[in-house]
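Colleague: this one's structure only:
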């Protein structure tokens, strides 16, 4: 029996992809940089906007806005490249990714806010940092104006949903992801 067709409708999608079994998806910083560079190329190639993302150890979350139905082909472009890179680097064979990427399209503001909060808090909940904005491999610090690490990220749709101005956006985003 085949898998259920994906929702590829243009819009905002929370996506995640992770390593097979208990393996790691990112072994070191070079892995994270390679994935990030390919992610930026994917955004550019398919005209996506990155609203937020967080790299953990075994998986990665991202929230992207797609202008068309390119999410499946874009994720294939990203995952095939990264899996091949990872396997060659580590003299490894087989699938790096445990299954197809997971995605859920946000159909309203509440779902967008919940997805953004979940992605931003995920590194803290995994014990990788004390506060969500402290995790280097998350876009939250950039979105809050605390870092300039990931300038390709645009959380303005989340800020608009919160009713934030340019001046209030950083504090509102930080408040959103606190307990």
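Modeller: Perfect, I can see it now. Note that this is a predicted model, so its numbers are computed, not measured. Numbers count the residues shown, from 1 in each chain.
Colleague: would you say residue 12 is within a strand?
Modeller: Yes - counting by DSSP: H, G, I helix; E, B strand; the rest coil, residue 12 falls inside a strand.
Colleague: how much space between it and residue 161?
Modeller: Remark: distance between residue 12 and residue 161 (CB to CB, to the nearest Å) = 10 Å. Every residue, glycine included, has its C-beta placed from N, CA and C.
Colleague: out of these two, which sits in the more crowded spot?
Modeller: residue 12 (20 against 17; other CB atoms under 10 Å).
Colleague: picking that back up, which neighbours do residue 12 and residue 161 share?
Modeller: residue 112 (CB atoms under 8 Å, 6 or more residues apart in numbering).
Colleague: how about the helices in the protein?
Modeller: Applying DSSP state H to the chain gives helices spanning 29-46, 71-89, 109-125, 140-143, 156-162, 169-177.
Colleague: ok, of those helices, where does mean pLDDT dip lowest?
Modeller: Mean pLDDT values for those show the minimum at helix 71-89, a mean of 91.
Colleague: which residues sit against that one?
Modeller: 6, 8, 13, 15, 17, 25, 27, 30-31, 34-35, 38-39, 42, 45-46, 48, 64, 66, 92-97, 101, 103.
Colleague: 7 Å instead, please
Modeller: Residues outside helix 71-89 that contact it (CB atoms under 7 Å, 6 or more residues apart in numbering) are 6, 8, 13, 15, 17, 31, 34-35, 38-39, 42, 45-46, 48, 92-93, 95-97, 101, 103.
Colleague: Geometric centre of the chain: which residue is closest?
Modeller: By CA atoms, centre = their mean, the chain has its centre lying nearest to residue 62, at 1.7 Å.
Colleague: my read: that residue touches residue 53, true?
Modeller: Yes - the criterion here is CB atoms under 7 Å, and residue 62 meets it with residue 53 at 4.0 Å.
Colleague: Now do the contacts for the nearest residue to residue 104 once chain neighbours are set aside.
Modeller: Ranked by CB to CB, 6 or more residues apart in numbering and with sequence neighbours excluded, the top spatial neighbour of residue 104 is residue 14, at 5.1 Å. Taking CB under 7 Å, 6+ apart, we find residue 14 in contact with 61, 63, 103-104, 106, 115, 119.
Colleague: now swap in residue 51 and tell me
Modeller: Shown in contact with residue 51 (CB under 7 Å, 6+ apart): 12, 63-65, 116, 154-155, 157-158.
Colleague: Equivalent analysis for residue 176, please.
Modeller: Residue 176 sits next to 117, 162 when contact means CB under 7 Å, 6+ apart.
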